[in-house]
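S.K.: I would like to see how this sequence folds:
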Amino acid sequence: MKCRWQEGNRITLLENGDQYYPALFAAIGRASRRVILESFIWFEDEVGRRLHAVLLEAARRGIQVEVLLDGYGSPDLSDEFVGELTAAGVIFRYYDPRPKLMGMRTNLFRRMHRKIVVIDDTTAFVGGINYSAETYERLRSGGEAGLCGAGRRAGGARHPAVRAGKPAQQRNRPPLVATSSPPAGD
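M.R.: All right, here's what the predicted structure looks like:
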């Protein structure tokens, strides 16, 4: 693959969560048209709730927000957490291919590991950073870094897979209410 530097673009190394998360959240707060986020892990913890808040605020400002999460890496987001985003207009999907053969998953290791955020097609955050307090703590002691690229070509980091996932409301989730009586016996 050949890459040429083009004038008018810049890249910033974000060495840990103390640099990465505030820069990302501020950039989402400045979005004027669109935010696309793809990630393997998003937990409903301190970091995850902060991301939820900035995406929710962006959607309520009329920004188009699309989220694609891996169904295996982010399995425990509550219906309320996701529902608040979708009610505000966020397009929320899971990459969760589940073909089965005789009831067994055949693709356990086929996952979506991208960690990409593209804002207004002019700013892109890429790297190995997920959205969880656990990730944040690991990053504080040295760990993975991220890059923030800005310029006309930053939108090229976006991948059409955002449209490949299942909408959140179609995802197979356990029922919220028991559908049968508990077992009983002597």
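S.K.: what is the rounded mean pLDDT of the helix or strand containing P22?
M.R.: Per DSSP states H and E, P22 falls inside helix 17-30. When pLDDT is averaged along helix 17-30, the result is 92.
S.K.: quick one, the next helix or strand after that helix and helix 17-30 angle?
M.R.: Per DSSP H and E, the first helix or strand lying C-terminal to helix 17-30 is strand 34-39. When axes from the mean of the first three to the mean of the last three Cα atoms, to 10 degrees is applied, the directions of strand 34-39 and helix 17-30 differ by 150 degrees.
S.K.: so who does the spatially closest residue to F81 that is not a sequence neighbour touch?
M.R.: Setting aside the residues directly before and after it, F81 is nearest to E44 in space (Cβ to Cβ, 6 or more residues apart in numbering), at 5.3 Å. C-betas here are computed from N, CA, C, even on glycine. E44 makes contacts with H52, D76, L77, S78, F81, as judged by Cβ atoms under 8 Å, 6 or more residues apart in numbering.
S.K.: quick one, phi/psi of the closest residue to F40 other than its chain neighbours?
M.R.: Counting by Cβ to Cβ, 6+ apart, G73 is the residue found nearest to F40 once chain neighbours are left out, at 3.9 Å. Its backbone dihedrals place G73 at phi -80, psi -20, with angles given as degrees, to the nearest 10.
S.K.: For G62, see how far away G73 is.
M.R.: Here the criterion is Cβ to Cβ, to the nearest Å. By it, G73 lies 30 Å from G62.
S.K.: re earlier: for the helix holding P22, which positions count as buried?
M.R.: For helix 17-30, burial by neighbour count (16 or more other Cβ atoms under 10 Å) applies to G17, Q19, Y20, Y21, A23, L24, F25, A27, I28.
S.K.: which one of the residues you listed sits closest to T122?
M.R.: Using Cβ to Cβ, A27 is the member of the buried residues of helix 17-30 that lies nearest T122, at 9.9 Å.
S.K.: Return the residues in contact with that closest one.
M.R.: Taking Cβ under 8 Å, 6+ apart as the test, what A27 contacts is V117, I119, T123, F125, C148.
S.K.: Below-threshold pLDDT in this structure: ranges please.
M.R.: In the predicted model, the chain carries pLDDT under 70 at residues 1-6, 96-113, 135-145, 152-186.
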